[in-house]
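Q: Kindly return the folded structure for what I paste below:
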Amino acid sequence: MRALRQNLIGLMIRAWVGGVVMAGASASADTLDLVLARAAVPSDSPVTEAGSRASVAAFGTEGSADWWIGGMAGAEVGITNLAAVRGGVDWFVATDFSIGLQADLGWAAPEGRDGGMLVGIAPILRWHFLHRDHWTLFAELGVGAAWTTTRIPVGGTRFNFSPQAGLGATFALGDDWRLRTVLGWYHMSNARTGNNNPGLDAVAITIGIGRSF
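A: Numbering: from 1, shown residues only. Here you go, the predicted model:
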């Protein structure tokens, strides 16, 4: 009987030790699996990227904004030529509707005269009336002011008002970047603030690149 008790006790001890060892091995395997699973997720995975870009709103959504820069070329054929670096910032006060501030720094040359520097600024309203996943069509309207070192047009003044309007498109180029093109009308006159008020009515083309922020 004594030998039987000793055998039973020995079996119980071996079973308990085996259970402890198996439980420890299982916990180690679970920990190793978790470490390997985390290491297998690349740093540029969609989840990580989406989390890092969550603060940038989609283009055209209310509350979003974007900046852009490009070039403008305009001409009233045979009368005056214009060329400028043009850029600005747009704030979307409603979905697909923005209020922006646009600036020009360039050159203007009336026919038969030396050209001069052009500096302009204009508040601009833009409505993206057709919005697709990778492109938009928009209309824009603004009234600004421009100063030139030469009188524009001939017989005019150096300081002029610059109403303008156009139709344009944007095209997605990647994360937050877009190409912008505009074909429009660009006017310059002094609104009868001078002795003479000749006007300039040019066709203007603008091409630029912008980024949401």
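
Q: shaky segments in this structure?
A: Low-confidence segments of the chain (pLDDT under 70): 1-55.

Q: Now do the domain split for it, please.
A: 1-40, 65-212 (automatic domain parsing).

Q: And Val154, its phi and psi?
A: In terms of degrees, to the nearest 10, the main-chain angles of Val154 are phi -60, psi 130.

Q: Provide the count of other residues in contact range of the closest residue to it other than its chain neighbours.
A: Spatial nearest neighbour of Val154, chain neighbours left out: Pro110 (4.8 Å); criterion: C-beta to C-beta, 6 or more residues apart in numbering. Glycine gets a C-beta too; all of them are placed from N, C-alpha and C. The local packing of Pro110 (other C-beta atoms under 10 Å) involves 22 other residues.

Q: Next, the contact list for Pro110, please.
A: Ile79, Thr80, Thr150, Arg151, Ile152, Pro153, Val154 (C-beta atoms under 8 Å, 6 or more residues apart in numbering).

Q: what does Glu140 give?
A: When contacts are taken as C-beta under 8 Å, 6+ apart, Glu140 is in contact with Ile124, Leu125, Arg126, Trp127, Gln164, Ala165, Gly166, Leu167, Gly168, Val182, Gly184.

Q: Taking these, tell me the two that lie furthest apart.
A: Comparing all pairs in these by C-beta to C-beta, the longest separation belongs to Trp127 and Gln164, at 14.9 Å.

Q: if you count what's nearby, which of those two comes out ahead?
A: Gln164 (24 against 15).

Q: so what's the more buried one bridging to?
A: Taking DSSP bridges as the rule, Gln164 bridges to Gly142, Tyr186.

Q: For beta bridges, what are the partners of Ile69?
A: Here Ile69 sits in beta bridges with Gly87, Ile209, going by DSSP bridges.

Q: and Gly144, how many neighbours does it have?
A: Other residues close to Gly144 by other C-beta under 10 Å number 20.

Q: what's the distance between the host helix or strand of it and the middle of its chain?
A: Using DSSP states H and E, Gly144 sits within strand 135-152. How far strand 135-152 lies from its chain's middle: 20 Å, per C-alpha atoms, centre = their mean, to the nearest Å.

Q: Output it as CSV - backbone C-alpha positions only.
A: Output in CSV follows, covering the C-alpha atoms of strand 135-152 (Å, rounded to 0.1, in the frame of the first residue of the first chain):
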residue,chain,number,x,y,z
TRP,A,135,-10.5,65.8,-61.7
THR,A,136,-12.8,68.8,-61.4
LEU,A,137,-14.1,71.5,-63.6
PHE,A,138,-14.6,75.0,-62.1
ALA,A,139,-15.6,78.6,-62.8
GLU,A,140,-13.8,81.5,-61.2
LEU,A,141,-14.5,85.2,-60.8
GLY,A,142,-12.5,88.0,-59.2
VAL,A,143,-11.9,91.7,-59.0
GLY,A,144,-8.4,92.9,-58.0
ALA,A,145,-5.9,95.6,-58.6
ALA,A,146,-2.6,95.8,-60.5
TRP,A,147,0.3,98.2,-60.6
THR,A,148,2.8,98.5,-63.5
THR,A,149,5.9,100.5,-64.0
THR,A,150,4.6,101.5,-67.5
ARG,A,151,1.2,102.9,-68.4
ILE,A,152,-1.3,100.1,-69.3
